[in-house]
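Trainee: generate coordinates for the sequence data below:
(chains A and B)
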Amino acid sequence: MEQLIKDLKLQIKNALNLEELPLEEFDENAPLFGDEGIGLDSIDILEIIVLLEKEYGIRLANPKEGKAIFQSVKTIAEYVQANRKK
Amino acid sequence: MANEKWAGTTYGNEWMHKWLICLLRYIDTRILYLFVAVFIIPVCLVLNPSRGIAYRYFRKRIGYGRLKSAWKTYVNHCLFGQVVVDKFAMYAGKKFNIEIEGQEHFLELATREEGFLLLSAHIGNYEIAGYTLTSKAKRLNALVFAGEKASVMRNRDKMFADTNTNMIAISPDMSHLFEIDQALQVGEIVSMPGDRFNGSTKCIEHNFLGAKAKFPLGPFSVATLRGLDVLAVNVMKTSLTSYKIYVTPLHYDKEASRQGQIKQLSGAYVAELEKRVRQYPTQWYNYFEFWQE
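Mentor: Down below sits the predicted model:
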C-alpha cells in the first residue's frame, strides 16, 4: 500500500504538472479538492480517471462513486488496490 | 470569468414557460417577435446591465460608431428574444427551415468507432442543432446546466426522445465528468459549450476579436486527453424562420505535447468562433464582460 501511494503521488504530480508541490509535502490524507487541500478541480479529475485507466486498467463503473474515491490520494490508493487489473 | 454571475437558466418561471408554449401553438411566431421587440426589449434595455455590455462589444470589438452600436445593441437584444421565442416555438411543435454546412464532417465521424466532441458557443441558437444534428449510430450526450427550469428540461426530454440524445446535467458531485468520460469511452458523441466556464475555473487565454479573452480549459482538456476529433457547431439565425448550422472540424496535432495540443485546439476553436461572430455580429449572446480590458 505504501508503495502504491508513493507511485500514485508521483503519477498524479506528473499528470497534472504540479511542479510547485514537492513529493515530500504531498500528504496522502490531504483533500485533493478545495482550498484546504491540494487545490485540484474538476478538470484534474478527468486526468486522474485516464491515469487510473492507463496505469491500473481501472474503469470507473458508477459515476456516483467518484466523489468518495477522489477525496485524497489514500482513498484513490484504496480503490486502486481493490480494483486494479494490472 | 465574469460568467460566475450568469444564472445558467432560461428566464421566467415554469408557469410563464407553459403559457408561452400554449400561446405559440395558436399564434404566429412573428406576432410574438413584434411584441418582444416593442414592449419587452426596451424595458430590458433600461433595467438590464446587458445594455452596456452589448454596446461596448459593438463599439470596441466590432468597431461600430456610437449610433450604430446603440442600434445594434437593440437589434442584438431583439434577436436574443427571437431565439428564446424560437426555442419555445419548437417545444410547441413549430418547424424551422434548417440548412447545414459541413454535415459530411459529422456524418463521417459518426460512422467511426471512436467518440468525438462537439463544441458550441453562446451565439445563434445551439438548441436547434440538438434536434437536427444527431446520429442513429451514436448517442449524443449534451452537457446542460443542472439548474435549468423543470419546464425546459421536460420539453427538452420530449424533443430529444426520438433523436438518440441524452442530457448530462452539470452536478456538484462531479458525476457529470464520469458520465462524459464513459460516453467517450464507449464511442459516443459529447456536446459542450467552449465559451463558458462550468465548474472548473482553469482557463486558456486567446486573442479574440482584437483583445485578450479567457476560455475554459475543460473542453479542450477533455478532447486532447483521449486524442478525440472535435467539431465546432454554430447555429445561426438567417431569417425569421430559418437557421444555418455550421459544422467545422477543429484540427490539432495529436503528436504534439499535451499543452501544445490544447493550445492548437483552443486556438482553432477561437478562430472559428471569431469567423462566425464577424459573419453574424448581432448574434453574440454572452452578456458578461468577456474581455480583459
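Trainee: and the least confident helix or strand in chain A by mean pLDDT, what does it pack onto?
Mentor: Ranked by mean pLDDT, DSSP states H and E, the weakest helix or strand in chain A is helix A:66-69, scoring a mean of 84. Contacts defined by 3 or more Cβ pairs under 8 Å, 6 or more residues apart in numbering or on different chains; DSSP states H and E place helix A:66-69 against helix A:73-83, helix B:175-185. (Glycine included, C-beta is placed from N, CA and C.)
Trainee: so which of those comes closest to residue B:27?
Mentor: Nearest to residue B:27 among those is helix B:175-185; the distance by Cβ to Cβ comes to 37.5 Å.
Trainee: now mean neighbour count, mean pLDDT and distance to residue B:241 too, for the helices and strands packed on helix A:66-69, in CSV please.
Mentor: Listed next are the helices and strands packed on helix A:66-69 as CSV, based on neighbours: other Cβ atoms under 10 Å in any protein chain shown; pLDDT from 0 to 100; distance: least, Cβ to Cβ, whole Å:
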stretch, mean neighbour count, mean pLDDT, distance to residue B:241
helix A:73-83, 17, 94, 53
helix B:175-185, 21, 85, 33
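Trainee: adding distance to residue B:101, write these out as JSON lines.
Mentor: Below are those laid out as JSON lines (distance: least, Cβ to Cβ, whole Å):
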{"stretch": "helix A:73-83", "distance to residue B:101": "45"}
{"stretch": "helix B:175-185", "distance to residue B:101": "26"}
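Trainee: of all those, which one is nearest residue A:18?
Mentor: For these, the distance to residue A:18 is smallest for helix A:73-83, at 11.7 Å, taking Cβ to Cβ.
Trainee: what about stretch B:34-50, how long is it end to end?
Mentor: End-to-end distance for stretch B:34-50, by Cα to Cα, to the nearest Å: 20 Å.
Trainee: contacts for it, please.
Mentor: The contact list for stretch B:34-50 (Cβ atoms under 8 Å, 6 or more residues apart in numbering or on different chains) reads B:51, B:73-74, B:77-78, B:81-82, B:85, B:287.
Trainee: what residues sit buried inside that stretch?
Mentor: B:36-37, B:41, B:44-45, B:50 (16 or more other Cβ atoms under 10 Å in any protein chain shown).
Trainee: what values do phi and psi take at residue B:120?
Mentor: Dihedral angles of residue B:120 (phi, psi; degrees, to the nearest 10) stand at phi -110, psi -170.
Trainee: partner residues bridging it?
Mentor: residue B:193 (DSSP bridges).
Trainee: and stretch B:247-257, how far out from the chain middle?
Mentor: Distance, stretch centre to chain centre, for stretch B:247-257: 21 Å (Cα atoms, centre = their mean, to the nearest Å).
Trainee: list the contacts of it.
Mentor: For stretch B:247-257, contacts defined as Cβ under 8 Å, 6+ apart pick out B:100-103, B:105-106, B:119, B:133, B:224, B:227, B:229-234, B:260-261, B:264-265, B:268-269, B:272.
Trainee: circling back: out of the buried residues of stretch B:34-50, which is nearest to residue B:157?
Mentor: Checking the buried residues of stretch B:34-50 against residue B:157 by Cβ to Cβ gives residue B:36 as the nearest, at 26.0 Å.
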